[in-house]
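1. Just the structure for this:
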Amino acid sequence: MGVFTYNDEEISSVAPEKLYKALTKDADSITPRVLEAIQSVEIVEGNGGPGTIKKITVLEGGKTSYVLEKVDAVDEANLGYDYSFVGGTALDESLEKVTFVTKVVAGPNGGSIGKVTVNYHTKGDAPLSEAVREETMAKGTGLFKAIEGYILANPDY
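-> All right, here's what the predicted structure looks like:
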């Protein structure tokens, strides 16, 4: 298995604790409202903590697919949340899994910086396709910005 690691950061004007809550605790209900492609997020095993398996159903290009997401770690005190895509029809066939190690830290002017380390675990010794990496990173950025937009549009959140 090959492992390919990439880091990314997104800056937000939203306070760290509020952004973390929306990205983690409330993401299952917010995501289908802010991203048209996400049809549903449902817990299929667990209680939301580490070990929980979620099924995220997506409709893109008229085709329905899904990804299974496993919650790996939740660190509310340090605003950390780690998870993995471990299966499903939406996981590229070249990948065994994709892990995300995320953290929200204080940013400029009372805002936040969302930090993520993404580890792509390919099957066998397959290389990581640049198209797969770019698509995954773009979807992650889109999700971050959509949830940030939801918070900004709903000041009482």
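2. Where do the helices of this structure begin and end?
-> If DSSP state H is used as the criterion, the helices of the chain fall at 16-23, 27-34, 130-153.
3. what's in contact with the second one?
-> Okay, so that is helix 27-34. Among residues not part of helix 27-34, those counted as contacts by C-beta atoms under 8 Å, 6 or more residues apart in numbering are 22, 38-43, 54, 56, 143, 146-147, 149-150. Every C-beta, even on glycine, is put in place using the N, C-alpha and C of the backbone.
4. same thing with the first one?
-> Outside helix 16-23, the residues within contact range by C-beta under 8 Å, 6+ apart are 12, 14, 30, 76, 79, 81, 102, 104-107, 111-112, 114, 144, 147-148, 150-151, 157.
5. And that helix, how far out from the chain middle?
-> On the basis of C-alpha atoms, centre = their mean, to the nearest Å, helix 16-23 sits 13 Å off its chain's mean C-alpha point.
6. Quick one: mean pLDDT for it?
-> Predicted confidence along helix 16-23 averages 98 (mean pLDDT).
7. buried sites along it?
-> By neighbour count, and taking 16 or more other C-beta atoms under 10 Å as the criterion, the buried residues in helix 16-23 are 16, 19, 20, 21, 22, 23.
8. Report the inter-axis angle for it versus helix 130-153.
-> Going by axes from the mean of the first three to the mean of the last three C-alpha atoms, to 10 degrees, helix 16-23 is angled at 120 degrees with respect to helix 130-153.
9. can you tell me how far the spatially most central residue of the chain sits from residue 133?
-> The chain has residue 140 as the residue nearest its centroid, 5.8 Å off, counting by C-alpha atoms, centre = their mean. Using C-beta to C-beta, to the nearest Å, one obtains 11 Å as the distance from residue 140 to residue 133.
10. Much appreciated, bye for now.
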